[in-house]
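Peer 1: kindly return the folded structure for what I paste below:
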Amino acid sequence: TLTNAGNDFATVGITSGNNVALTDSTGLRLAASTISGTLAVTTTGALTQSGALNVAGATTLAAGAANDITLTNAGNDFSTVGITSGNNVALTDATALTLTASTVSGNLSANAADLTVAGAVASTAGTLNLAAANSVTQLAALTTTGTNSITVTAGGPITMAPTSTTTSGTGTLDYTAGTDVTLGSLSTGGGVSVIANGGSVLSAVGSGTNVTAGANSTLQAFNGVMGTQGAPITVNVNPGTLSIRATGAASGISAFLMGTVLPGNALTLLNVPPGIVC
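Peer 2: Below you'll find the model as predicted:
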């Protein structure tokens, strides 16, 4: 526990330690470290690294709203990470990463083998970019403001909990999965793009309106259906055009959609699906 407010380190590496807490009055570089418990780092400058970090417990990072956090070593292995404060934040994890409640003032990017959003993650003035080689599981809210966008990408499935939400002011919301995308609620004054490259676009049962957008939006299932009869995709695009693609069919129906096409708006089919739109 080295938390004196006057500390001024250049580089700190933890060869071994259980619960580790570090405070630095300026910026700090973390060298290769192995920690069997938790890691808490507080700085008033940029937080970077020169070696891989292996942390078995929860990691909490606070650099101040004006300072960047860059922990992108390919060998990093965190358990959970929560950002108390930071400007532009970039995280890389070689295995599974769980994001707990986090607030950043700039851009946030996180890249892992499997990624779980377990606590509300928000940017006050930047973009959110979450990527996983395998799966993304969203259990809590993703939020940004203004024209900033939110992008979620997975090599496998993207699964939102029924109560989870993704919200931007007028920015774009883009969800792209290698297999299925299961939606909670996406809401923005801009456009929404949901692409299931190897599966279906589905609705999490009990999620309410899945897509609320104020500009042209698209839903594409390249190897499956758009919703199901028991849980149709509920859409509100106004104003704008909703374009859909479904290459599969369930009981002869390719797309189960709920919504109203208002005067001046349109629903278009990007291809001729094997079934009908219901």
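Peer 1: could you report the pLDDT at Asn67?
Peer 2: Here, the pLDDT recorded for Asn67 equals 98.
Peer 1: burial count for it?
Peer 2: 21 (other C-beta atoms under 10 Å). Every residue, glycine included, has its C-beta placed from N, CA and C.
Peer 1: roughly how far apart are Thr159 and Asn197?
Peer 2: Thr159 is 15 Å from Asn197, where distance means C-beta to C-beta, to the nearest Å.
Peer 1: those two: which is more packed in?
Peer 2: Thr159 (21 against 16).
Peer 1: so that one is in contact with Val136, correct?
Peer 2: Yes: with contacts counted by C-beta atoms under 8 Å, Thr159 reaches Val136, the gap being 7.3 Å.
Peer 1: what is in contact with the two at once?
Peer 2: Overlap of the contact sets of Thr159 and Val136 (by C-beta atoms under 8 Å, 6 or more residues apart in numbering) is empty.
Peer 1: so after the helix or strand where Leu22 lies, what's the next helix or strand?
Peer 2: If you go by DSSP states H and E, Leu22 is part of strand 20-24. For strand 20-24, the following helix or strand on the C-terminal side (DSSP H and E) is strand 28-30.
Peer 1: for the record, mean pLDDT for that following strand?
Peer 2: On average, strand 28-30 scores 98.
Peer 1: how many other residues sit next to Gly264?
Peer 2: Neighbour tally, Gly264, other C-beta under 10 Å: 8.
Peer 1: thought it was touching Val237?
Peer 2: No: when contacts are counted by C-beta under 8 Å, Gly264 is not listed as touching Val237 (11.4 Å).
Peer 1: quick revisit: buried sites along the strand holding Leu22?
Peer 2: Val20, Leu22, Thr23, Asp24 (16 or more other C-beta atoms under 10 Å).
Peer 1: got the contact list for the first one?
Peer 2: The reference is to Val20. Val20 neighbours (C-beta under 8 Å, 6+ apart): Thr1, Ile14, Ser33, Ile35, Gly37, Thr38, Leu39, Ala40.
Peer 1: out of those residues, which end up buried?
Peer 2: Ile14, Ser33, Ile35, Thr38, Leu39, Ala40.
Peer 1: model confidence for the third one, exactly?
Peer 2: Ile35 is assigned a predicted lDDT (pLDDT) of 98.
Peer 1: what's the answer for the fifth one, then?
Peer 2: Looking at Leu39, its pLDDT is 98.
Peer 1: the most centrally placed residue in the chain and Gly75: what is the separation?
Peer 2: In the chain, the residue lying closest to the centroid (C-alpha atoms, centre = their mean) is Leu130, at 4.1 Å. Separation of Leu130 from Gly75 (C-beta to C-beta) stands at 20 Å.
Peer 1: can you count the residues close to Ala74?
Peer 2: Neighbours of Ala74 (other C-beta under 10 Å): 9.
Peer 1: Ala94: what's it in contact with?
Peer 2: Contacts of Ala94 by C-beta under 8 Å, 6+ apart are Ala74, Gly75, Asn76, Asp77, Ala112, Ala113.
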